[in-house]
Every structure is written in C-alpha cells, then in structure tokens.
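Chemist: Build me a model from this:
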Amino acid sequence: MSLKVIILLLTGIIGIGGLILFQTIGSTIDGEGILREPFYLVPVSYILIVLGFGGAAFILLRRLIRG
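Modeler: This next block holds a predicted model:
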C-alpha cells in the first residue's frame, strides 16, 4: 500500500473519531435554555470520511483497473 492510501485511510479514521467524539461529548442545555453541542464536529467528520475513504477507494480502484 502506498503512502497516499495510508494517509487517506487515516483521514477517514480521524473522521470516524470525530463522530465518536461528538457522541461522547453530548449535548447540554444551559440555564438560559440554549442548546450547547459541538455541532461543528458533524460536518467536519463527514467531509474527512468522504475524502479519506473515497480517495483511498479511488486510488485502489484506479490501480486495479490499470493492472
């Protein structure tokens, strides 16, 4: 496996870690009734997952097609 694929897979794993972190931190409602949650982790995690695993799949499929 090339270094590019390993880096892309690690990027996808970091994305999954972000979703786990979002669930672990959880949401709270403060005294004024405002919802406090680390929502920024959700879109950032999805972007990392798509870029990481999608890019790795693209490189591996291209390698299989070329032979």
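Chemist: Hmm, Val42 is touching Gln23, no?
Modeler: No: using Cβ atoms under 8 Å as the test, Val42 is too far from Gln23 to be in contact (10.2 Å). Yep, even glycine has a C-beta here, placed from its N, CA and C like the rest.
Chemist: where do the helices sit along the protein?
Modeler: Secondary structure of the chain by DSSP state H: the helices cover 3-25, 41-66.
Chemist: among those, which is nearest Ile34?
Modeler: helix 3-25 (16.0 Å; Cβ to Cβ).
Chemist: Tell me the buried residues in that closest one?
Modeler: Buried positions in helix 3-25, judged by neighbour count with 16 or more other Cβ atoms under 10 Å: Val5, Leu8, Leu9, Thr11, Gly12, Gly15, Gly18, Leu19, Phe22.
Chemist: Local confidence estimate at the residue lying closest to the first one once chain neighbours are set aside?
Modeler: When you say that, I think you mean Val5. Excluding its sequence neighbours, the residue lying closest to Val5 (Cβ to Cβ, 6 or more residues apart in numbering) is Ala56, at 5.0 Å. Looking at Ala56, its pLDDT reads 94.
Chemist: Gly67 too?
Modeler: Gly67 is given a pLDDT of 76.
Chemist: Just want to check the distance between it and Gly55.
Modeler: 20 Å (Cβ to Cβ, to the nearest Å).
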